[in-house]
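Q: need coordinates for the below:
(2 chains)
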Protein chains: 2
Amino acid sequence: MAAVRRLDAIDDVIHQKVRLGVMSSLMASGECDFNFLKAALGVSDGNLSTHLTVLEESGYVRVTKEFHGKKPRTTYLPTDSGRRAFEAYVTALEEMVRR
Amino acid sequence: MAAVRRLDAIDDVIHQKVRLGVMSSLMASGECDFNFLKAALGVSDGNLSTHLTVLEESGYVRVTKEFHGKKPRTTYLPTDSGRRAFEAYVTALEEMVRR
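A: Okay, here's the model as predicted:
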């Protein structure tokens, strides 16, 4: 008898590919700015913005805006809740695909 | 400098949650029948059928129909291509979320 596969254990907020890329980058780097994420993931401004908003509204990502001289810089960090959700997601996924 | 995250390395056919559950079950068990998959994944007939069709049309799953006495039984197996795609998917995902 094979195991039940708990689909609902996989967080839809994180499972979407762009958001998964963002969360993976933030978890690895601690913080990333918008242009870095855009280049690292190879996505458009609009697409990235949309998914960052979902992550922010889910409480997984915190945004800070600061000026470097006259240049604005927008930086994204994972929240504690985002870190926990990411860890739980990876665990659920490992559980799902285990061979 | 953090790494580039290759979103396109993640196979969309497998990434969808129901299909991921199906492929994980088939990889673990070698073959599964429709009713087993439905119970293991907790999805409706229609939902499961739709995703099995996508997997079949992608060449990742093979369907066999046989009779047990008078009862028809539909069984699903991963193809060689499906097995390779699943392994590549898991590798790409591990690469993505590595900490």
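Q: you'd agree A:Thr64 is in a strand?
A: Yes - counting by DSSP: H, G, I helix; E, B strand; the rest coil, A:Thr64 is found in a strand.
Q: what is the burial count for it?
A: By other Cβ atoms under 10 Å in any protein chain shown, 11 other residues sit near A:Thr64. C-betas here are computed from N, CA, C, even on glycine.
Q: please apply the same query to the one 10 residues further on.
A: Neighbourhood size, A:Thr74 [other Cβ under 10 Å]: 13.
Q: tell me the angle the longest helix seen in chain A makes with helix B:80-97.
A: Ranked by number of residues, the top helix in chain A under DSSP state H is helix A:80-97. Helix A:80-97 runs at 160 degrees relative to helix B:80-97, counting by axes from the mean of the first three to the mean of the last three Cα atoms, to 10 degrees.
Q: what's the average pLDDT for helix A:80-97?
A: Regarding helix A:80-97, the rounded mean pLDDT is 95.
Q: so how far is it from its chain's centroid?
A: Averaging C-alpha positions (Cα atoms, centre = their mean, to the nearest Å) puts helix A:80-97 11 Å from its chain's average.
Q: ditto for stretch A:86-99
A: For stretch A:86-99, the distance to the chain centre is 16 Å (Cα atoms, centre = their mean).
Q: the longest helix of chain A vs chain B: in contact?
A: Yes - with Cβ under 8 Å from any Cβ of the partner chain as the criterion, chain B is reached by helix A:80-97 at A:Phe86, A:Val90, A:Leu93, A:Met96, A:Val97.
Q: wait, which of these is closest to A:Leu77?
A: A:Phe86 (12.6 Å; Cβ to Cβ).
Q: any low-confidence regions in chain A?
A: Scanning chain A for pLDDT under 70 picks out the ranges A:1-3, A:99.
Q: quick one: name the residues of it near chain B.
A: A:2-5, A:7-8, A:10, A:12, A:15, A:17-18, A:20-21, A:24-25, A:27-29, A:32, A:36, A:39-43, A:86, A:90, A:93, A:96-99.
Q: quick one: which of those sit in helices?
A: Filtering the residues of chain A next to chain B for helices - DSSP H - leaves A:12, A:15, A:17-18, A:20-21, A:24-25, A:27-29, A:36, A:39-41, A:86, A:90, A:93, A:96-97.
Q: just the buried ones from those, in PyMOL syntax?
A: Those of these that count as buried under 16 or more other Cβ atoms under 10 Å in any protein chain shown are selected in PyMOL with:
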select buried, chain A and resi 15+17+18+20+21+24+25+27+28+29+36+40+41+86+90+93+96+97
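Q: does A:Ala40 touch A:Ser25 like I think?
A: Yes - using Cβ atoms under 8 Å, A:Ala40 is in contact with A:Ser25, at 5.8 Å.
Q: in chain A, which residue is closest to the centre?
A: Nearest to the geometric centre of chain A sits A:Met23, at 2.2 Å (Cα atoms, centre = their mean).
Q: list the contacts for that residue?
A: A:Ile14, A:Leu55, A:Tyr60, A:Val61, A:Pro78, A:Gly82, A:Phe86, A:Tyr89 (Cβ atoms under 8 Å, 6 or more residues apart in numbering or on different chains).
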